[in-house]
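Visitor: everything below, folded, please.
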Amino acid sequence: MSDMSNHSEFDPDEMREESAEEKLLNEISELSKRGYQLLKEGLVEEAEVCFKEIIEKDELNNYALVGLGDSARKRADFRQAVVYYQRCLENHPGNNYALFGLADCYKALNKYNQAIRIWEEYLLHDDSNITVLTRVADAYRKVRDFKKSREIYLRVLEMEKDNAYALIGLGHLHYDFREYREALKYWERMYELNKNNVDIRVLTSLGNCHRKLRTFEKGTSYFDKALELEPNNFYALFGLADSYRGMNSHSESLKYWDKILKKDPENKVILTRAGDAYRNLEEWDKAEDYYSRALNIEFDVYAILGLALINKLRGNYENSIESLKGLLKNDPKNHRLYTEIAECYMLLGNKSKAIEILADFQKLGIRNTFVSNLLDKLRSGNR
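Guide: The predicted structure is shown next:
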């Protein structure tokens, strides 16, 4: 009869330990599945309870740490989420979910350079992930690295023709760098792809490109389409008003400035734009009213400039000069202030003072063709 007393594999205590370990692993697995399911359903607090229960059993569990990070991120508590993701990565380096979450948090906290570093670490493990690539390109755009941002967006388009995120990103990128014709190409492509269900932001972006290119009439059609989708959209109303302003159709622009003011009567930028429109229509009392309303909100350079120009138009040249000189203290390099003051002096018949103020501008070392031409005319006696 063989002696089995030395055969440890049959030790009943060890068998009980293995069972307990399996039970613990099963419990953690079930809690993890439940936690992530609750997260998908938007039940963040309930999900956190599950993940915290896992941490009590296994304090460095990567699923639970990522789950807690994801929960905090869904609550927009990005700093707390960063703590969980970092703790996971300290113990589980290269965890893709933690890297993804951490980079997204840095992006939300406007720490774009840190986000880029983490995204690039992620790409070492998965260099063809289009979602991550577009996020990296977005981050480079935010830090104004045109070359790297464009390169990555184009790489995405090579992998997936007409990828919406890449097209939109390239549109924003070229717009940010004032390459409006290039931006138009990408926004127009987005428009072609979604003609029957176009996003309002695509329409306003197209309109804004034309506004910047001063092809105002083309832009108005896109802003009109945007208003069909959303009648009170601020960007469409502003775009239309500014486009009509660019076309010197001040009565038309007023329709849209006033629509914005009905919703936002304390918007001083729009009040001054409406004041400008009334001034250009020679409705000076109304213009004064709008400028004054803007100044009642807070100091505004354009409102004071508008009032000074009305004084000039009414022949109150001394008052206009006083206001314009007051603005020079805050904006000493604004060539328009100098030329307006010079014109007031000329209307008062004081050519020497007009020459003096324009010469003051030139002493700043700033070249401006209009100022130079006006000064030359005055000195040569042509005006």
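Visitor: report the distance from stretch 25-33 to the chain centre.
Guide: How far stretch 25-33 lies from its chain's middle: 42 Å, per CA atoms, centre = their mean, to the nearest Å.
Visitor: what of stretch 111-127?
Guide: Remark: stretch 111-127 is offset 21 Å from the chain centroid, using CA atoms, centre = their mean.
Visitor: contacts for it next, please.
Guide: Outside stretch 111-127, the residues that touch it by CB atoms under 8 Å, 6 or more residues apart in numbering are 94, 96, 99-100, 102-104, 106-107, 129, 132-133, 135-136, 139-140, 142-143. For every residue, glycine as well, the C-beta is placed using N, CA and C.
Visitor: just the buried members of the residues you listed?
Guide: Neighbour counting with 16 or more other CB atoms under 10 Å marks 99-100, 102-104, 106-107, 129, 132-133, 135-136, 139-140, 142 as buried within those.
Visitor: just those: which are in helices?
Guide: Mapping the buried ones among the contacts of stretch 111-127 onto helices (DSSP state H) picks out 99-100, 102-104, 106-107, 132-133, 135-136, 139-140, 142.
Visitor: tell me the one of those nearest L43?
Guide: Taking CB to CB as the measure, L43 sits nearest to D104 out of those, at 20.5 Å.
Visitor: pull the contacting residues for the closest residue to that closest one other than its chain neighbours.
Guide: Excluding the flanking residues, the one nearest D104 by CB to CB, 6 or more residues apart in numbering is R73, at 6.7 Å. The contact partners of R73, taken as CB under 8 Å, 6+ apart, are 81, 101, 104-105, 108.
Visitor: now the helix or strand G67 falls within - C-alpha only, CSV.
Guide: Using DSSP states H and E, G67 sits within helix 62-74. Provided in CSV are the C-alpha atoms of helix 62-74 (Å, rounded to 0.1, in the frame of the first residue of the first chain):
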residue,chain,number,x,y,z
ASN,A,62,-6.9,47.9,-13.2
TYR,A,63,-10.6,47.5,-14.2
ALA,A,64,-11.8,49.2,-11.1
LEU,A,65,-9.3,52.1,-11.3
VAL,A,66,-10.2,52.7,-14.9
GLY,A,67,-13.9,52.4,-14.0
LEU,A,68,-13.5,55.0,-11.2
GLY,A,69,-11.6,57.3,-13.6
ASP,A,70,-14.3,56.9,-16.3
SER,A,71,-17.0,57.6,-13.6
ALA,A,72,-15.2,60.8,-12.5
ARG,A,73,-14.8,61.9,-16.1
LYS,A,74,-18.5,61.4,-16.7
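Visitor: which residues sit in contact with L337?
Guide: 305, 324, 327-328, 331.
Visitor: again, only using 10 Å
Guide: 301, 305, 308, 323-328, 330-331, 357, 361 (CB atoms under 10 Å, 6 or more residues apart in numbering).
Visitor: ok, residues contacting stretch 185-198?
Guide: For stretch 185-198, contacts defined as CB under 10 Å, 6+ apart pick out 153, 157, 162, 164, 166-175, 179-180, 184, 199, 201-209, 222, 225-226, 229.
Visitor: and the residues you listed, which of them are buried?
Guide: Among these, those buried by neighbour count (16+ other CB under 10 Å) are 153, 157, 166-175, 180, 184, 202-209, 222, 225-226.
Visitor: hang on, the earlier thing: please tell me how far the helix holding G67 is from the chain's geometric centre.
Guide: The mean C-alpha position of helix 62-74 is separated from the chain mean by 28 Å, CA atoms, centre = their mean.
Visitor: any idea which helix or strand comes after it?
Guide: Next along the chain after helix 62-74, taking DSSP H and E as the criterion, comes helix 78-91.
Visitor: can you state the direction angle for that following helix and helix 62-74?
Guide: 160 degrees (axes from the mean of the first three to the mean of the last three CA atoms, to 10 degrees).
Visitor: output the contacting helices and strands for helix 78-91.
Guide: Here helix 78-91 touches helix 62-74, helix 96-108, helix 112-125, going by 3 or more CB pairs under 10 Å, 6 or more residues apart in numbering; DSSP states H and E.
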